[in-house]
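>>> Mind folding the following:
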Amino acid sequence: MKRIILFDGDCHFCDRSVQFIMKRDPKAMFQFASLQSETGQELLRKFGAPVELDSFILIEKNRMYTQSTAALRVCRQLNGLWKTLHFLTAIPKPIRDTVYNVIAKNRYKWFGTKEQCPLPTPDERKRFLS
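Numbering: from 1, shown residues only. Reported below is the predicted structural model:
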């Protein structure tokens with residue numbers, strides 16, 4: 001089953017995260033759409049989320065996960081030791097999301113915004129929803 005990740009298409013850190021996930025997802029379980037895209041906005045409306053929601057989002061089994069929960073659920077599916085990070089879900093969500101929010105609030109300052117998008121390979125392009 002495909003899982004959909006919604007990400008901030010203007011954020012350099014978010015773009016690098018998508019590239020990171022694709023390299024560790026050889027079964028291509030994840031598809032991607034930017035939050036700003038028509039598809040991203042449509043999915044937010046479908047799940048009753050505010051269209052201005054600014055979070056890393058995972059849609060899996062017809063459920064929407066945000067913030068640290070989304071990131072850790074993605075880690076669980078990746079190749080390598082990344083799946084071991086899922087144990088962090090044992091930490092209460094308010095604590096995990098506080099750390100997540102500090103990174104999210106400062107991501108433009110710390111990592112910058114994208115000047116231009118890297119050109120995906122044809123195989124990578126298939127994984128992006130328009």
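
>>> Now do residue 24 against residue 103, distance only.
As judged by CB to CB, to the nearest Å, residue 24 and residue 103 stand 19 Å apart. C-beta coordinates here come from the backbone N, C-alpha and C atoms, glycine included.

>>> so residue 41 makes contact with residue 51?
Yes. Residue 41 is in contact with residue 51 according to CB atoms under 8 Å; the separation is 5.3 Å.

>>> out of these two, which sits in the busier spot?
Neighbours per residue (other CB atoms under 10 Å) separate residue 41 from residue 51, with residue 41 holding more: 18 against 12.

>>> which SSE is that one in?
For residue 41, the element it lies in under DSSP states H and E is helix 38-46.

>>> which parts of that helix are buried?
For helix 38-46, the neighbour count (16 or more other CB atoms under 10 Å) marks 39, 40, 41, 43, 44 as buried.
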